[in-house]
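In: Below are the sequence and a predicted model; questions follow.
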Amino acid sequence: MENYQTLPQPSFWEATKKGFANILSFRGRSRRSEFWWFALSFWVCSFLLSLAYQPFVSTEVASIISNGISLLIIPIMVRRMHDRGLWGIL
C-alpha cells in the first residue's frame, strides 16, 4: 500500500464532459467517480430525450431509439472494466 496515492476526484461536470468527449472510445481507463457521474448524467439526458420524442413516434420506434442510445454507455463500461483489471486485452 505504500505505492498508493490518492488522486483528486473529478467533479460532476468534469466527469460528464470527459465521458461525452470519449463516448465512442474503448481505449483508456475510467475512474469509479467518473463512471458513476457520467452514468447519472447519461441516464438523465436519455430519459429527457425519450420524453421529448415519445409523443412524435410510435412505441416500437421509441424503444429502438432508446435501446440505441443505451448502447452508447458501453464504451465507458469497458474503460471502467479495464481500470479494474478485468479486461487486460484492451
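Out: Arrived safely.

In: State which helix of the chain is the longest.
Out: Scanning the chain for the helix with the most residues, using DSSP state H, yields helix 32-53.

In: quick one: the helices in the protein?
Out: Under DSSP H, the chain gives helices at 12-21, 32-53, 59-70, 74-84.

In: Other residues contacting stretch 24-44?
Out: For stretch 24-44, contacts defined as C-beta atoms under 8 Å, 6 or more residues apart in numbering pick out 7, 9-12, 15-16, 18-20, 22, 72-73, 75-80, 82-83, 90. Placement of C-beta: from N, CA and C, glycine included.

In: Could you rerun that using 7 Å?
Out: Stretch 24-44 has contacts (C-beta atoms under 7 Å, 6 or more residues apart in numbering) with 9-10, 12, 15-16, 18-19, 22, 73, 75-76, 78-80, 82-83, 90.

In: Give the buried subset of those as a ChimeraX selection command.
Out: In ChimeraX syntax, the buried subset of the contacts of stretch 24-44 is picked out as below (16 or more other C-beta atoms under 10 Å):
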select :10,15,16,18,19,22,73,75,76,78,79,80,82,83
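
In: angle of the longest helix of the chain against helix 12-21?
Out: If you take axes from the mean of the first three to the mean of the last three C-alpha atoms, to 10 degrees, helix 32-53 sits at 70 degrees to helix 12-21.
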